[in-house]
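In: sharing a sequence plus its predicted fold:
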Amino acid sequence: MFRIDHSTAAEALPAPGEAGTPGYFTPGDTGGGVAATVVTADFMNSVQEELIAILAAASVNADKTKRNQVVTSLKTLFGGNAAFINTPGNFAAAASNAGIILIDATDGDITFTLPAASAANGAPLVFRIVRVDSSANACTIAAAAANTIDDALTTVTLTRMGEPRLLVSNGGVHWYSVARRIVRGVLLNGVPATSIPNSTQTNISWSGVVYDTDGIWSAANPTRLTPPAWARKIRITAAVTFVANGTGTRQILSRINNGAGYAGEMSSSGPASAGSQVVILSGSTGIVDVTPGDYHEIRVFQTSGAALSLDTSNNGVNWACLEILE
């Protein structure tokens, strides 16, 4: 695709004439006195500039030697390309790769680096990326320098065969996951040996991490769950187990910033159990708003008349989960 470059071509785009009545081309009819349609400079300039605009939208430079630049640009703009990647290492994608990407990491780790989110002259780009192998090798999607994925990430991983990720750029510096539920949050599993004083709300320290997508928990502050600053709404669920004791009641509850109650807080209680039966308590908050800097803690309370331990013999039933919902 290239603009007319004959020696008779104008150096600047002429102003169009006044619009006439829209119509259609005809070859004419000499016998019937119907003239053939004249192809005007206005018309040809209009067609030429419409085609050039498609190339410009996709950041494709017009090249006189190529005859497929319009279709290449349309594939870029509407995600119409397809590629299969199975060579270990980094694949640095261009805007012209927009479309379906199948990644097979059987032979080694693969990183698929997205183009700059602005690579199509500010137009959105669409990548549909699917992992197609079941190996233990890493399959990573990385944002270009100074770009992010879902506002906070620079990389995401595809961990299982068939796992998809549909990413759309905003034409600036961000990529967003579309049409899928992204699991963001933390799951903690296990508590150290803990003695809970009688009639005293006590924060639970957690000792194991199943996953933590956003640095919500830290061993330096093992009682705290701190949502990332960008989070807007969360939900917390937890369960704890008391050793067997037949006296009093047991309670699990949530608190914010070392003591404050809040609308939608967790609060669940139950009686003691006789004999050798442990007491398992679980609870959940409502969907609660997040203020940047706030942290949440899970507390327990018991009234056995003396200190009472949590049962750590099976730490699978001592856990806490914070889900980022928005």
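Out: Received, thanks.
In: when you work out contacts or count neighbours from here on, use the C-alpha atoms and nothing else.
Out: Noted.
In: can you pull the contacts of the residue lying closest to residue 267 once chain neighbours are set aside?
Out: In space, not counting the residues next to it along the chain, residue 267 is nearest to residue 253; the distance is 4.3 Å by C-alpha to C-alpha, 6 or more residues apart in numbering. Counting by C-alpha atoms under 8 Å, 6 or more residues apart in numbering, residue 253 makes contact with 265, 266, 267, 268, 283, 298, 299, 300.
In: restrict the host helix or strand of residue 253 to CA atoms and write it as PDB.
Out: Residue 253 is part of strand 245-256, with elements assigned from DSSP states H and E. Coordinates of the C-alpha atoms in strand 245-256 are reproduced here as PDB (Å, rounded to 0.1, in the frame of the first residue of the first chain):
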ATOM      1  CA  ASN A 245     -12.600 -29.000  76.600                       C
ATOM      2  CA  GLY A 246     -16.200 -29.200  77.900                       C
ATOM      3  CA  THR A 247     -16.500 -25.800  79.500                       C
ATOM      4  CA  GLY A 248     -17.600 -22.400  78.200                       C
ATOM      5  CA  THR A 249     -18.000 -21.100  74.700                       C
ATOM      6  CA  ARG A 250     -15.700 -20.500  71.700                       C
ATOM      7  CA  GLN A 251     -15.700 -17.600  69.200                       C
ATOM      8  CA  ILE A 252     -13.900 -16.500  66.000                       C
ATOM      9  CA  LEU A 253     -14.100 -12.900  64.800                       C
ATOM     10  CA  SER A 254     -12.400 -10.400  62.700                       C
ATOM     11  CA  ARG A 255     -11.000  -7.000  63.500                       C
ATOM     12  CA  ILE A 256      -9.400  -4.100  61.600                       C
END
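In: avg pLDDT for the next helix or strand after that strand?
Out: Later in the chain than strand 245-256, the nearest helix or strand by DSSP H and E is strand 267-273. Over the span of strand 267-273, the pLDDT mean works out to 91.
In: what average pLDDT does whichever helix or strand comes after strand 267-273 get?
Out: For strand 267-273, the following helix or strand on the C-terminal side (DSSP H and E) is strand 279-284. Taken as a whole, strand 279-284 carries a mean pLDDT of 92.
In: and residue 191, what does it touch?
Out: Listed by C-alpha under 8 Å, 6+ apart, the contact partners of residue 191 are 204, 205, 206, 207, 208, 312, 315, 318, 319.
In: list phi and psi for the fifth one.
Out: Dihedral angles of residue 208 (phi, psi; degrees, to the nearest 10) stand at phi -130, psi 150.
In: surely it touches residue 186?
Out: No - judged on C-alpha atoms under 8 Å, residue 208 makes no contact with residue 186 at a distance of 10.7 Å.
In: and those two? which has more neighbours close in?
Out: Taking other C-alpha atoms under 10 Å, residue 208 and residue 186 do not tie; residue 186 has more neighbours (24 against 17).
In: and stretch 119-133, which residues are buried?
Out: Using 16 or more other C-alpha atoms under 10 Å as the burial criterion, the residues of stretch 119-133 that qualify are 119-133.
In: any low-confidence regions in the protein?
Out: Scanning the chain for pLDDT under 70 picks out 179-182, 315-316.
In: all helices for it, in order.
Out: With DSSP state H, the ranges of helices along the chain come out as 41-57, 69-78.
In: packing partners of the shortest one?
Out: For helix 69-78, the elements it packs on are helix 41-57, strand 99-103, judged by 3 or more C-alpha pairs under 8 Å, 6 or more residues apart in numbering; DSSP states H and E.
In: tabulate those (JSON lines), appending mean neighbour count and distance to residue 149.
Out: JSON lines is the format used below for the helices and strands packed on helix 69-78 (neighbours: other C-alpha atoms under 10 Å; distance: least, C-alpha to C-alpha, whole Å):
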{"stretch": "helix 41-57", "mean neighbour count": "15", "distance to residue 149": "23"}
{"stretch": "strand 99-103", "mean neighbour count": "21", "distance to residue 149": "17"}
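In: reformat the ones you listed as TSV; add distance to residue 195.
Out: As requested, the helices and strands packed on helix 69-78 are exported to TSV (distance: least, C-alpha to C-alpha, whole Å):
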stretch	distance to residue 195
helix 41-57	65
strand 99-103	50
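In: quick one, which of those gets closest to residue 166.
Out: Distances from residue 166 to each of those were compared using C-alpha to C-alpha; the minimum, 9.2 Å, belongs to strand 99-103.
In: name the surrounding residues that touch that closest one.
Out: Outside strand 99-103, the residues within contact range by C-alpha under 8 Å, 6+ apart are 75-76, 78-86, 110, 126-133, 139.
In: buried subset of the contacts of residue 253 as a PyMOL selection?
Out: A single PyMOL command is used to select the members of the contacts of residue 253 judged buried by 16+ other C-alpha under 10 Å:
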select buried, resi 265+266+267+283+298+299+300
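In: need the contact list for the residue nearest to residue 298 when sequence neighbours are not counted.
Out: For residue 298, the nearest residue in space outside its immediate sequence neighbours is residue 254; the separation is 4.6 Å by C-alpha to C-alpha, 6+ apart. Residues near residue 254 by C-alpha under 8 Å, 6+ apart: 261, 265, 266, 267, 285, 296, 297, 298, 299.
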